[in-house]
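Colleague: Turn this into a structure:
(4 chains)
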2 protein chains.
Amino acid sequence: MMQMTDCAACPLQKRRMFLPFTPEEIAFMRAFKTGEAVVRPGETLLAQGERSERLYTVLEGFATRSIQLEDGRRQVVNFVFPGDFLGLQAGIMGEMRHSVQATTPMRVCIFQRSRLWDLFRDKPDRAYDLTWLAAVEEHFLGETIATLGQRDATERVAWALARIWQRLSALGEITPDGVALPFRQHELADALGLSKVHTSRTVSQLRALGLLVWRRGRLNMPDPARLFALAGLPMEREEQRPLI
Amino acid sequence: MMQMTDCAACPLQKRRMFLPFTPEEIAFMRAFKTGEAVVRPGETLLAQGERSERLYTVLEGFATRSIQLEDGRRQVVNFVFPGDFLGLQAGIMGEMRHSVQATTPMRVCIFQRSRLWDLFRDKPDRAYDLTWLAAVEEHFLGETIATLGQRDATERVAWALARIWQRLSALGEITPDGVALPFRQHELADALGLSKVHTSRTVSQLRALGLLVWRRGRLNMPDPARLFALAGLPMEREEQRPLI
DNA sequence: CCTCGAACTTAACGCAGGTTAATGCGGACG
DNA sequence: CGTCCGCATTAACCTGCGTTAAGTTCGAGG
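Modeller: All right, here's what the predicted structure looks like:
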């Protein structure tokens, strides 16, 4: 165990996409939090099949949630960003059905699964927030299903980049020359059900259309409105979300 | 409003896939439930974009949850079975992001969205159950994403039919000549991201392999183990689930 | 018994995207 | 400054699935 940030000084609170903690919430979270961990790129934070005793909130860094099929094929279910809560599945259903793998260095808060029930019993508002997060997650998964089921490669890539852009932007990660993309084409491909080669072709095509600039881990969008339109997404700002 | 079944005599309780109510739960559910409705095939129970004040539990009958894209394409996100809880998205996020459409006659219990918070405040165990259901749902959506992203048409069809079979079987709907399938090929196709034509071809192929018999709304599986293997699914029985 | 329509089936053809493989490029390290 | 390696790109070829369109089959209603 390493030095642990106090919840009162939670770095996530500086990002305006998150609802501020009330003093009681800080007190509760302080007691709920049992540690902190650093994860290196490529490391597996939660493994499919594992019965993890731990739950996490991402403080910093990025990851993928992915499912491994029997024969080795891999599907990235979605991307993980700071503020995301991890491990609810194992926490509630007993066993993780997917893995979480860091794509950048990460820092995470640690909670104990055994205390999840206390949260429901003693802090209904926190439990409600947790369910809120689960409902939002469910919505995004539904959108992903619609994308994989109905959209062609161009639309898919546009959609994924638009969603990632939106999330990074809500986190305040945008600079004049765009954002640092924490994922590689390989992960995009696995998330969209496309081959790496075709993903590259498709990205090139979007580049040729002047819809994006993506080089060496930096992404920029010369004309966000057009890209969002192609992705079938409205351009609204994301709602603030609670933090567990 | 029509005549309303008392929760103490809830017909779902007869099905062994559901955890039995405790006496207090019955008392609570009785107060929580505000009505009952009958829905005809084809009717829309919840519409995408709507801010429904109502939540439902399915007592009888089947439905699809689907997302409509801007240009009219439709993706069936999943299938709805008796015991499923509907409307949590609108209940928690404010707006439905998908529609729920009956594919058979249905009967549903009605609850008020405004009282959802009471449930969290007063009945932490019920709130926990609700979150449990959400977590299981999330797991299935993840599996669907993996299927659409990685599996070919044959595997997809096998997967969908195996999952539906499993659920119907848990509901006790299996007879010696199989189950009554409440969905048509059209809906399967929309759920799997395949065209109707190719879905038909693929079903024929599975039929030719002796893996299934599906005629006029009845499905049978001569060799479930082989079909499940093809679908990449273990053949275990589903866990009992709570009922809201 | 006949007609009609919904659901499904079958066949022919074309294309989006998979696969394989060769090539380019920049960053890390000696 | 040169080599290596991981990642991205490009090209050539192939196939699974979409599309269109012409049947079937069966049940409902006259």
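Colleague: count of residues packed around the closest residue to A:R163 other than its chain neighbours?
Modeller: For A:R163, the nearest residue in space outside its immediate sequence neighbours is A:L233; the separation is 7.2 Å by Cβ to Cβ, 6 or more residues apart in numbering or on different chains. For every residue, glycine as well, the C-beta is placed using N, CA and C. Around A:L233 there are 16 other residues, counting by other Cβ atoms under 10 Å in any protein chain shown.
Colleague: how about A:L233, what does it touch?
Modeller: Going by Cβ atoms under 8 Å, 6 or more residues apart in numbering or on different chains, A:L233 touches A:W159, A:A162, A:R163, A:Q166.
Colleague: JSON lines please, covering those and showing secondary structure and neighbour count.
Modeller: What follows is the contacts of A:L233, written out as JSON lines (DSSP: H, G, I helix; E, B strand; the rest coil; neighbours: other Cβ atoms under 10 Å in any protein chain shown):
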{"residue": "A:W159", "secondary structure": "helix", "neighbour count": "23"}
{"residue": "A:A162", "secondary structure": "helix", "neighbour count": "22"}
{"residue": "A:R163", "secondary structure": "helix", "neighbour count": "20"}
{"residue": "A:Q166", "secondary structure": "helix", "neighbour count": "18"}
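Colleague: and the lengthiest helix in chain A, which residues are buried?
Modeller: Criterion DSSP state H: the longest helix present in chain A is helix A:124-150. Within helix A:124-150, the residues scored as buried using 16 or more other Cβ atoms under 10 Å in any protein chain shown are A:124-131, A:133-150.
Colleague: so the residue nearest to A:R163, which of the three states?
Modeller: The local conformation at A:L233, judged by DSSP: H, G, I helix; E, B strand; the rest coil, is coil.
Colleague: What score does it have for pLDDT?
Modeller: In the prediction, the pLDDT value recorded for A:L233 is 97.
Colleague: any idea how far B:T64 is from it?
Modeller: 23 Å (Cβ to Cβ, to the nearest Å).
Colleague: what element comes up after the worst-scoring helix or strand of chain A on mean pLDDT heading to the C-terminus?
Modeller: The element with the least model confidence among the helices and strands of chain A, by mean pLDDT, DSSP states H and E, is helix A:88-93, at a mean of 92. On the C-terminal side of helix A:88-93, the closest following helix or strand by DSSP states H and E is strand A:99-102.
Colleague: Residues in contact with that next one: which ones?
Modeller: Contacts made with strand A:99-102 from outside it, assessed by Cβ under 8 Å, 6+ apart, are listed as A:39-48, A:61-68, A:80, A:86.
Colleague: let's see it at 7 Å
Modeller: A:39-48, A:61, A:63-66, A:68, A:80, A:86 (Cβ atoms under 7 Å, 6 or more residues apart in numbering or on different chains).
Colleague: Look at stretch A:48-65 and report the distance between its end residues.
Modeller: Taking Cα to Cα, to the nearest Å, the span from the opening residue of stretch A:48-65 to its closing residue is 10 Å.
Colleague: So is it next to chain B?
Modeller: No - Stretch A:48-65 lies out of reach of chain B by Cβ under 7 Å from any Cβ of the partner chain, never closer than 7.7 Å.
Colleague: what's the residue closest to the geometric middle of chain A?
Modeller: Within chain A, one residue has its C-alpha closest to the average C-alpha position: by Cα atoms, centre = their mean, that is A:V80, at 2.1 Å.
Colleague: Run through the residues that contact that residue.
Modeller: Residues in contact with A:V80 (Cβ under 7 Å, 6+ apart) are A:V58, A:F62, A:A63, A:T64, A:R65, A:L86, A:V100.
Colleague: could you say which helix or strand contains the closest residue to A:D84 other than its chain neighbours?
Modeller: If the residues on either side of it in the chain are set aside, A:D84 comes closest to A:V58, at 5.0 Å by Cβ to Cβ, 6+ apart. When elements are assigned from DSSP H and E, A:V58 belongs to strand A:54-60.
Colleague: ok, that strand: who's next to it in the sheet?
Modeller: Looking at strand A:54-60 with DSSP bridges, its partner strands are strand A:85-86 (antiparallel), strand A:106-112 (antiparallel).
Colleague: Please dump those strands into JSON lines; it should also carry mean pLDDT for every row.
Modeller: Listed next are these as JSON lines, based on pLDDT from 0 to 100:
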{"stretch": "strand A:85-86", "mean pLDDT": "98"}
{"stretch": "strand A:106-112", "mean pLDDT": "97"}
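Colleague: So A:R97 sits against B:G142, correct?
Modeller: Yes - contact status for A:R97 versus B:G142: in contact at 6.3 Å, counting by Cβ atoms under 7 Å.
Colleague: How about the contacts made by the closest residue to A:I92 other than its chain neighbours?
Modeller: When the adjacent residues along the chain are set aside, A:I92 lies closest to B:A135, with 4.3 Å between them (Cβ to Cβ, 6+ apart). Contact analysis of B:A135 by Cβ under 7 Å, 6+ apart lists A:L88, A:Q89, A:I92, A:M93, A:A134.
Colleague: Turn the contacts of A:V80 into TSV, columns for neighbour count and distance to DNA strand C.
Modeller: Formatted as TSV, the entries for those read as follows, by neighbours: other Cβ atoms under 10 Å in any protein chain shown; distance: Cβ to the nearest atom of the strand, whole Å:
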residue	neighbour count	distance to DNA strand C
A:V58	23	24
A:F62	24	18
A:A63	29	21
A:T64	22	18
A:R65	26	20
A:L86	23	28
A:V100	26	24
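Colleague: which among these gets closest to A:P242?
Modeller: A:V58 (14.2 Å; Cβ to Cβ).
Colleague: interface residues of chain A facing chain B?
Modeller: Listed as neighbours of chain B in chain A under the rule Cβ under 7 Å from any Cβ: A:67, A:69-70, A:73, A:75, A:77, A:88-89, A:92-93, A:97-98, A:117, A:120-121, A:124, A:127-128, A:130-132, A:134-139, A:141-142, A:144-146, A:148-150, A:193, A:232.
Colleague: For chain A, give me the ranges with low pLDDT.
Modeller: Along chain A, the parts satisfying pLDDT under 70 run over A:1-3.
Colleague: Now do the strands for it: every range, in order, please.
Modeller: In chain order, chain A shows strands spanning A:33-39, A:44-46, A:54-60, A:63-68, A:74-80, A:85-86, A:99-102, A:106-112, A:179-180, A:213-215, A:218-220, with DSSP state E as the criterion.
Colleague: would CSV of the ones you listed with distance to DNA strand D be doable?
Modeller: Compiled in CSV, those are given as follows (distance: least, Cβ to the nearest atom of the strand, whole Å):
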stretch, distance to DNA strand D
strand A:33-39, 17
strand A:44-46, 16
strand A:54-60, 20
strand A:63-68, 13
strand A:74-80, 13
strand A:85-86, 23
strand A:99-102, 13
strand A:106-112, 17
strand A:179-180, 13
strand A:213-215, 7
strand A:218-220, 11
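Colleague: Nearest to A:L243 among those would be which one?
Modeller: A:L243 sits nearest to strand A:54-60 of all these, at 7.1 Å, using Cβ to Cβ.
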